[in-house]
Each structure stands twice: as structure tokens, then as C-alpha cells.
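Trainee: structural data only, the sequence is not supplied:
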């Protein structure tokens, strides 16, 4: 059974940092990409980042580029999402997901991912 578990969310002041983790169960080792999405109350889910499992190439939405950094540690089946210079508008539930297709082209589309974690809340106070 494929399982993804996010951790690291919490409450932080604007300008602060958080690091999210996403651990994938060993039964899903044939995935190619890991994506991070977020969904704020009353808004649609937004794809914010993606990493290629093989070469570590990353993609970022303009809303987080320069502030957030995605990385992976394949031996631990874990991806990390370092979030710096957080803003109140970053407040959302953050989800990680895995999929079989490359990040390039349209990594931000939810349909490209097969399995999702339950999400972790990130709240940034002003």
C-alpha cells in the first residue's frame, strides 16, 4: 500500500522559516516525481514545486521562487521543502504527491500525481 506522510508544519511569524518533509512508503519506489501543493481556505489547490527523483531538478511557482527550496534524499524516500521568508499569504494546507511523469511541462496539475499525503497545516502570522 502506498503511503505518503507530510510533517513539519506549524505556526510561524512572517519572515520566519519552516521545513516540511514528505516520506514515501517503500511500496512506491517507481515514481519519478514528487510535487508539493498547497490549498488555502476558499481557494483552489496550487502546485508550487516539483522535483525529479533521478537528477534532483526542481521547478517552482513564481509565488514561491527564491524563497522555497525543494530537495530529496532518495535513500530515505524523503523529500524536503525548505520555506524561508514566509508570508501570511503562504498560509495553507501543504500536500506532497508522487507521480510517474516528469515535472517538466505541467508539474502544477494535480492530475499528474497518483498518490497524495494527508497534508500538513502551515500558518503564517503577520
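Mentor: Noted; the coordinates are in hand. These numbers were taken from a predicted model, which means no experiment stands behind them.

Trainee: helix or strand: which one has residue 72?
Mentor: Following DSSP states H and E, one finds residue 72 within strand 68-73.

Trainee: report all helices and strands that that strand contacts.
Mentor: The elements that strand 68-73 packs onto, with contact taken as 3 or more C-beta pairs under 8 Å, 6 or more residues apart in numbering; DSSP states H and E, are strand 33-39, strand 46-52, strand 58-60, strand 78-83. Backbone N, C-alpha and C define where each C-beta goes, glycine included.

Trainee: turn those into TSV, columns for mean neighbour count and mean pLDDT.
Mentor: Shown next, in TSV, are these (neighbours: other C-beta atoms under 10 Å; pLDDT from 0 to 100):
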stretch	mean neighbour count	mean pLDDT
strand 33-39	24	96
strand 46-52	23	96
strand 58-60	19	96
strand 78-83	21	96
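
Trainee: checking the closest residue to residue 115 other than its chain neighbours next. Helix, strand or coil?
Mentor: In space, and not counting its chain neighbours, residue 115 is closest to residue 2: 4.7 Å by C-beta to C-beta, 6 or more residues apart in numbering. With DSSP: H, G, I helix; E, B strand; the rest coil as the basis, residue 2 sits in coil.

Trainee: got it, and residue 56?
Mentor: Note that with three-state DSSP, the state of residue 56 is coil.

Trainee: that one touches residue 71, doesn't it?
Mentor: Yes: using C-beta atoms under 8 Å, residue 56 makes contact with residue 71 at a distance of 7.1 Å.

Trainee: how far away is residue 34 from residue 44?
Mentor: Noted for residue 34: a distance of 20 Å to residue 44, by C-beta to C-beta, to the nearest Å.

Trainee: with residue 116 instead?
Mentor: 15 Å.

Trainee: likewise residue 102?
Mentor: Distance from residue 102 to residue 44, by C-beta to C-beta: 23 Å.
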